[in-house]
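Participant: Predicted model, plus sequence, below.
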Amino acid sequence: MKTRIIDIIKKFPQCEGIDWSPDFSCPECGGSVVGDESPSKPQLVGWCETGRGPMAVLECPHCYTKFRDHAATVNYMDIDEFEMGLRCWLIGDAVSNSRELLDLQKSRDAGK
């Protein structure tokens, strides 16, 4: 059985105290995170459950503010897609992980 990232990284029990950022930029200082190789890319420090699906908890490398956003790209409620999004964030290999997401979706569609 494959080890899941959500079983390894910290799970934050409350998401209400962590601001949501829809574009992965810091809500406190506005630090931008364009591209996988950006020197200002926030660090993944955990995850939390919300009414809109699981979200990654990130920390700004400039002011250390924690904020959250969806790691999934299509179905925010899908835990497998969330897991794949976390892997993409950690590995920084958006192209191959996007292919894996498409393969996952195709296999699910075929099973319907």
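Facilitator: Looks like it came in fine.
Participant: how about the spatially most central residue of the chain, what does it touch?
Facilitator: What sits nearest the mean C-alpha location of the chain, by CA atoms, centre = their mean, is Ala71, with 2.7 Å. Counting by CB atoms under 8 Å, 6 or more residues apart in numbering, Ala71 makes contact with 47, 54-56, 82, 85-86, 88-89. Yep, even glycine has a C-beta here, placed from its N, CA and C like the rest.
Participant: Could you rerun that using 10 Å?
Facilitator: By CB atoms under 10 Å, 6 or more residues apart in numbering, the contact set of Ala71 is 5, 24, 44, 47, 53-56, 58, 81-90.
Participant: what's the answer for Cys63, then?
Facilitator: Contacts for Cys63 (CB under 10 Å, 6+ apart) come out as 26, 28-31.
Participant: In strands, which of the contacts of Ala71 appear?
Facilitator: Under the assignment DSSP state E, the contacts of Ala71 contribute 44, 47, 53-56, 58 to strands.
Participant: Redo those as TSV? Include pLDDT.
Facilitator: Putting those into TSV (pLDDT from 0 to 100) gives the following:
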residue	pLDDT
Leu44	86
Trp47	92
Gly53	86
Pro54	91
Met55	90
Ala56	90
Leu58	89
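Participant: so where do the helices sit in the chain?
Facilitator: Taking DSSP state H as the test, the helices found in the chain are 79-91, 94-111.
Participant: rewinding a little: number of residues surrounding the nearest residue to the residue nearest to the centre of the chain once chain neighbours are set aside?
Facilitator: Residue nearest to Ala71 in three dimensions, not counting chain neighbours: Gly85, with 3.0 Å by CB to CB, 6 or more residues apart in numbering. Look at Gly85: counted by other CB atoms under 10 Å, it has 25 neighbours.
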